[in-house]
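> Below is the structure, and that's it, no one-letter string:
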């Protein structure tokens, strides 16, 4: 009987259930989209039930169309977005909406953390920069502004933990998810009780953190009903989606880097050392390769900007055109391809939900610089793809400064299906850019980790070797002429942000917009 792994991947905008065999081949995939709750430009909640319902629906769809016996499913691997947290009671029932990782309401709480412990000390202990991105500032905000929710919460769960509880009845987290809370010591791989005590956070409200690849439990009777699964399947905490994506791309060796572009972009390299950037621009977190670390840079909004542009400025694309071109994104890619490198003088700063690495500025905003009457939709489409790539390039360079030269960029995420985007990436990075055969890197990485956990393979490296394959026809080589032009434009891209930040424009705009009428 063929052994299969079922991966559940709870992303920011949708849930995927993907069925793999032990050769890394994707046999079935289903997807369910959901929407977050935008309370303001900076406040983002999410109804946790939409994650659970999407997981249940996608898994049921897979099981309902399964041509194999369900007894062939050797393990269920669960991965999810990180730094988002859910307050739940002792039965795993949410007491309030989750606060999403993209949320920026806790700027003041971040300042409090810096004053209380110090940003250098936090970075040394947790590998994280003090920023509203992570869990602790949001948790302090919740305790101050919704004390009854904080008090009544039995646990604060990450999204992955929430789904695993509903599969097994067990409350557990893993090192990769814990390392995004700003409450976890990544040198010792354990909760840091000094930080809990400093902010009067009850450490008992966080579940035990175990290494990535741990079998948390087995599917129980309730899960059998709710998910359509048989009882007794091992459920594996695979880890955070980006760490899993690195494994799914084979980025567990030196000289390789992951660039995963979906709603946002994440740039990761694996390391057998705990690395720190002197200027705290990069994050060091627990790797899904248990006992290793990842050096990481995140960009909040990349693919989301392309979707925003599509939704607001592409409504005139006809149905016939959609049928001919398959979808609006392909049409936009074709338009962007007509434009020369540099988009005829347009540069986009992709800070549509503030800036993460390398700037870490929660007040930064998006900029489209250089507009003239000669520009068209195609110019803006190309400027978006280039602006995303310029921002990613900055972070690749930082990781190289802290580790070693990157020889190959392995890409994934929804945006990686775009040939023009991938060529732009190669030209701007000055490096070969490749895709793997499986387009679902996070789900595949989770499956690889689960295959190791249930002893299908001798170790994780052996599983990666047997389950990850490069799509050589997708390989993009830098164009030397384009590379020269992009080097010059990259300097201007940096300067636009620097000038606005130096003159305090972002803060002045925020002050004006938050004033009472």
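Received, thanks. Being a predicted model, the structure only gives us computed values, none of them experimental. Numbers count the residues shown, from 1 in each chain.

> pLDDT weak spots in the protein?
Where the chain drops to pLDDT under 70, the residues are 318-326, 516.

> Select the longest helix from it.
As assigned by DSSP state H, the longest helix anywhere in the chain is helix 377-402.

> Give the buried residues for that one.
Across helix 377-402, burial judged by 16 or more other CB atoms under 10 Å covers 377-396, 398-399, 402. No exception for glycine: its C-beta is placed from N, CA and C like everyone else's.

> what does stretch 482-491 give?
Across stretch 482-491, burial judged by 16+ other CB under 10 Å covers 482, 483, 486, 489, 490.

> What lies in contact with that stretch?
With contacts defined as CB atoms under 8 Å, 6 or more residues apart in numbering, stretch 482-491 is touched by 341, 342, 347, 386, 390, 393, 427, 428, 430.

> And stretch 414-433, by the same measure?
Contacts of stretch 414-433 (CB under 8 Å, 6+ apart): 259, 261-262, 302-303, 306, 329, 333, 336-337, 341, 382, 385-386, 388-390, 392-393, 396, 406-409, 411, 435, 439, 474-479, 482-483, 486, 490.

> among these, which are in helices?
Those of the contacts of stretch 414-433 lying in helices (DSSP H): 303, 306, 329, 333, 336-337, 382, 385-386, 388-390, 392-393, 396, 482-483, 486, 490.

> ok now the helix or strand harbouring residue 125, how far from the chain's centre?
Take DSSP states H and E as the rule and residue 125 turns out to sit in helix 119-126. Offset of helix 119-126 from its chain centre (CA atoms, centre = their mean, to the nearest Å): 22 Å.

> elements contacting that helix?
Packed against helix 119-126 by the contact rule (3 or more CB pairs under 8 Å, 6 or more residues apart in numbering; DSSP states H and E) you find helix 107-116, strand 184-185, helix 193-198.

> out of these, deepest packed?
Scoring these by mean neighbour count under mean count of other CB atoms under 10 Å gives strand 184-185 as the most buried, with a mean of 23.

> what's the helix or strand that that strand is followed by packed up against?
Using DSSP H and E, the helix or strand that follows strand 184-185 in sequence is strand 190-191. Here strand 190-191 touches strand 184-185, going by 3+ CB pairs under 8 Å, 6+ apart.

> partners of the strand it packs on in the sheet?
Paired neighbours of strand 184-185 in the sheet (DSSP bridges): strand 190-191 (antiparallel).

> Give me the contacts around the partner strand.
Contact partners of strand 190-191, identified using CB under 8 Å, 6+ apart, comprise 178, 183, 184, 185, 203, 206, 209.

> let's go with 7 Å and repeat that
Contact with strand 190-191 is made by 183, 184, 203, 206, 209, as judged by CB atoms under 7 Å, 6 or more residues apart in numbering.

> C-terminal to the helix holding residue 125, what's the next element?
Once the chain leaves helix 119-126, the next helix or strand it forms, by DSSP H and E, is helix 135-145.

> Can you list the buried residues in that following helix?
Using 16+ other CB under 10 Å as the test for burial, helix 135-145 gives 135, 136, 137, 138, 139, 140, 141, 142, 143.

> one step back: filter the contacts of strand 190-191 down to the buried ones, PyMOL style.
Filtering the contacts of strand 190-191 down to the buried ones (16+ other CB under 10 Å) takes a single PyMOL command:
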select buried, resi 183+184+206+209
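
> Including distance to residue 38, could the contacts of strand 190-191 go into a markdown table?
Formatted as a markdown table, those follow (distance: CB to CB, whole Å):
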| residue | distance to residue 38 |
| --- | --- |
| 183 | 27 |
| 184 | 29 |
| 203 | 32 |
| 206 | 28 |
| 209 | 31 |
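
> secondary structure class for residue 236?
Under DSSP: H, G, I helix; E, B strand; the rest coil, the three-state class of residue 236 is strand.

> Look up how far residue 88 lies from it.
21 Å (CB to CB, to the nearest Å).

> Let me know how buried the residue nearest to residue 456 when sequence neighbours are not counted is, in neighbour terms.
Excluding its sequence neighbours, the residue lying closest to residue 456 (CB to CB, 6 or more residues apart in numbering) is residue 22, at 5.4 Å. Look at residue 22: counted by other CB atoms under 10 Å, it has 18 neighbours.

> Residue 22 and residue 451 touch, don't they?
Yes. Shown here, residue 22 and residue 451 form a contact pair, counting by CB atoms under 7 Å, at 5.8 Å.

> just the buried residues of helix 135-145 now: which is nearest residue 296?
For the buried residues of helix 135-145, the closest approach to residue 296 (CB to CB) belongs to residue 135, at 15.8 Å.

> circling back: please name whichever of the helices and strands packed on helix 119-126 is nearest to residue 456.
In this view, the helices and strands packed on helix 119-126 are compared for proximity to residue 456 by CB to CB, and strand 184-185 is the closest at 29.4 Å.
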